[in-house]
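Chemist: need coordinates for the following:
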Amino acid sequence: MGSTGIDIRFPIGLLFTILGVIIAAVGVVDPKASMSQGYNINLDWGIVLIVFGVIMLLLGNAAHRRRASSSVTESKPPLAAGAPGDKKP
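Modeler: You can find the predicted model right below:
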């Protein structure tokens, strides 16, 4: 992954979470239309999509934080020659 750009897990997580909420809402609003062999398919798969989307969002956020904290420690400039504390021979 390059330092520029967005982590692919964030838009994927957002997409799956939004779709999961929509599908689960359809399952809650009209449960009889979503029934298949005794299961409310829309509600069940909506919950699965929400869980997957939230996991992807959390993983993308954790990677972003890890990248941000490592770039802060790596961006410290080295001491210049003749900086205070340098002893000259």
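Chemist: what about residue 48, distance to residue 12?
Modeler: According to CB to CB, to the nearest Å, residue 48 and residue 12 sit 15 Å apart. C-beta here means a position set from N, CA and C on the backbone, and glycine is covered the same way.
Chemist: which residue is the nearest non-sequential neighbour of residue 60?
Modeler: residue 9 (3.5 Å; CB to CB, 6 or more residues apart in numbering).
Chemist: ranges for the helices of the protein?
Modeler: In the chain, the helices defined using DSSP state H lie at 9-29, 41-74.
Chemist: will you turn the ones you listed into CSV that also has mean pLDDT, mean neighbour count and distance to residue 35?
Modeler: Below are those laid out as CSV (pLDDT from 0 to 100; neighbours: other CB atoms under 10 Å; distance: least, CB to CB, whole Å):
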stretch, mean pLDDT, mean neighbour count, distance to residue 35
helix 9-29, 96, 16, 9
helix 41-74, 88, 14, 7
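Chemist: residues touching residue 58, list them.
Modeler: When contacts are counted by CB atoms under 8 Å, 6 or more residues apart in numbering, residue 58 touches residue 13.
Chemist: distance of it relative to residue 29?
Modeler: On the measure of CB to CB, residue 58 and residue 29 end up 28 Å apart.
Chemist: cool, and residue 21?
Modeler: Taken as CB to CB, the span from residue 21 to residue 29 is 12 Å.
Chemist: and residue 46, by the same measure?
Modeler: Distance from residue 46 to residue 29, by CB to CB: 11 Å.
Chemist: over to residue 19?
Modeler: Distance from residue 19 to residue 29, by CB to CB: 16 Å.
Chemist: thanks a lot, see you next time.
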